[in-house]
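Trainee: I would like the atomic coordinates for the input below:
(chains A, B, C and D)
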Number of protein chains: 2
Amino acid sequence: MSISDIIEQYLKEILHANEKKVIEIKRSEIANQFECVPSQINYVINTRFTFEKGYLIESKRGGGGYIRITRVEYQDEFQLIDEIIAMINPAVSEQGALDVLERLREKKLINLREEHLIISALQREVLNLPLPERDHLRARILTNILTTLKYINSKGEERDGM
Amino acid sequence: MSISDIIEQYLKEILHANEKKVIEIKRSEIANQFECVPSQINYVINTRFTFEKGYLIESKRGGGGYIRITRVEYQDEFQLIDEIIAMINPAVSEQGALDVLERLREKKLINLREEHLIISALQREVLNLPLPERDHLRARILTNILTTLKYINSKGEERDGM
DNA sequence: AAAATAAAGTCAAATATGGTCAAATCATAT
DNA sequence: ATATGATTTGACCATATTTGACTTTATTTT
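Mentor: Okay, here's the model as predicted:
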């Protein structure tokens, strides 16, 4: 068993223990505790606590910094979102984006209000770049929004009566 | 949690408590109270009580000096949004946008989920243009979103339990 | 009016975190 | 034995916070 395995175990233990869905660690502390270099913690996190494996990572640098690991459950909707992301990249027209959003709403992944807000970020006149850069930019923005959608859902954040 | 966070909390508590829209502090006193150097108070104010977040800072040096923090209020949501639109144009940094969104959420014009979604459309790496065009683009997108927000609100559309 | 005193402001250095990336090493499968 | 992938390590980077020396301004004292 490698150190990475041991650190993984340790983190999962405290994470899965007593209903806790989230832990906050200090990278340097853990590194110290297991007598390894700090970047090893990143390695463990990058290989064992990925989103696909059901974990959400957030962090902050500087004084009072931390790494937060949140346990999340996989949702069927992820697959749909991933498919859409694949579909719209590397470029998508405004109409294409509109279609996608309509579909997401049918599937109840977003509500009408959110659909309006998202569209506002994707319109031709707003992005205002020559083609084909504009369609690339739109794809990047929408991809980022969709990715966030996955994460938000995972965090079990307020769904606002949807 | 860093000292800066604690001082921020403390100030917001007394500021938001009992309808007060304004507080006056003595920098050296607060510094004393939290056992930090006086300039740390400036740091807290500069990073946590920005104009974009809806705070107004005034101060006076010398004997009887003070720092006054005012929570800026608007009569209605339209005015607030218009004010923000004016503020962020023709360009806004990512931090400026974050501050503005935090404020909109405090004012319950958007919820946390919407805040995340909107941020996804404004991030540096996503917009991916050289400055200053990037900040211009961000301002255009956010302006369009805010305009939509005004419209949605006035339509009395589903607010999703907000 | 000048000097002393009492604030607050600025700015850069020091410190405290975490992130990235690639080279070195180790383990495993063929 | 060698190729391949996983792990370990460290140099360098990015960011947030803390600290303090120096500056500016207002008031009070002489």
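
Trainee: show me the helices in chain A, by range?
Mentor: A:3-16, A:27-33, A:38-48, A:77-88, A:94-106, A:112-120, A:124-127, A:133-154 (DSSP state H).

Trainee: adding mean pLDDT and mean neighbour count, write the ones you listed out as CSV.
Mentor: (Glycine included, C-beta is placed from N, CA and C.) Conversion of these to CSV gives the following (pLDDT from 0 to 100; neighbours: other C-beta atoms under 10 Å in any protein chain shown):
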stretch, mean pLDDT, mean neighbour count
helix A:3-16, 96, 15
helix A:27-33, 97, 14
helix A:38-48, 98, 16
helix A:77-88, 95, 15
helix A:94-106, 98, 16
helix A:112-120, 98, 20
helix A:124-127, 98, 15
helix A:133-154, 93, 20
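
Trainee: mind putting these into CSV with distance to residue B:146?
Mentor: Compiled in CSV, these are given as follows (distance: least, C-beta to C-beta, whole Å):
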stretch, distance to residue B:146
helix A:3-16, 39
helix A:27-33, 38
helix A:38-48, 36
helix A:77-88, 25
helix A:94-106, 19
helix A:112-120, 8
helix A:124-127, 12
helix A:133-154, 16
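
Trainee: quick check: residues of chain A near chain B?
Mentor: A:63-64, A:111-114, A:116-123, A:126-128, A:137, A:140-141, A:144-145, A:147-149, A:151-152, A:157-162 (C-beta under 8 Å from any C-beta of the partner chain).

Trainee: which members of those residues additionally contact DNA strand C?
Mentor: Counting by C-beta under 7 Å from any atom of the strand, A:63-64 from these sit close to DNA strand C.

Trainee: how near is residue A:114 to DNA strand D?
Mentor: Here the criterion is C-beta to the nearest atom of the strand, to the nearest Å. By it, residue A:114 lies 27 Å from DNA strand D.

Trainee: these two touch, right, that residue and residue B:111?
Mentor: No. Using C-beta atoms under 8 Å, residue A:114 makes no contact with residue B:111, being 10.0 Å away.

Trainee: quick one, what contacts the residue of chain A at minimum distance from DNA strand D?
Mentor: Closest contact between chain A and DNA strand D, by C-beta to the nearest atom of the strand, is at residue A:62 (2.0 Å). By C-beta atoms under 8 Å, 6 or more residues apart in numbering or on different chains, residue A:62 lies in contact with nothing.

Trainee: next: the one 5 residues further on.
Mentor: The neighbours of residue A:67, taking C-beta under 8 Å, 6+ apart as the test, are A:24-27, A:41, A:45, A:57-59.

Trainee: look up the closest residue to it, ignoring the ones flanking it.
Mentor: Using C-beta to C-beta, 6 or more residues apart in numbering or on different chains and skipping the chain neighbours, the partner closest in space to residue A:67 is residue A:59 (4.5 Å).

Trainee: over to residue A:16?
Mentor: Per C-beta to C-beta, 6+ apart, closest to residue A:16 is residue A:71, 7.3 Å.

Trainee: circling back to that earlier point, tabulate the contacts of residue A:67 (JSON lines), appending distance to DNA strand D.
Mentor: Shown next, in JSON lines, are the contacts of residue A:67 (distance: C-beta to the nearest atom of the strand, whole Å):
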{"residue": "A:24", "distance to DNA strand D": "15"}
{"residue": "A:25", "distance to DNA strand D": "16"}
{"residue": "A:26", "distance to DNA strand D": "13"}
{"residue": "A:27", "distance to DNA strand D": "11"}
{"residue": "A:41", "distance to DNA strand D": "9"}
{"residue": "A:45", "distance to DNA strand D": "11"}
{"residue": "A:57", "distance to DNA strand D": "16"}
{"residue": "A:58", "distance to DNA strand D": "13"}
{"residue": "A:59", "distance to DNA strand D": "10"}
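
Trainee: out of these, which is nearest to residue A:98?
Mentor: residue A:58 (31.6 Å; C-beta to C-beta).
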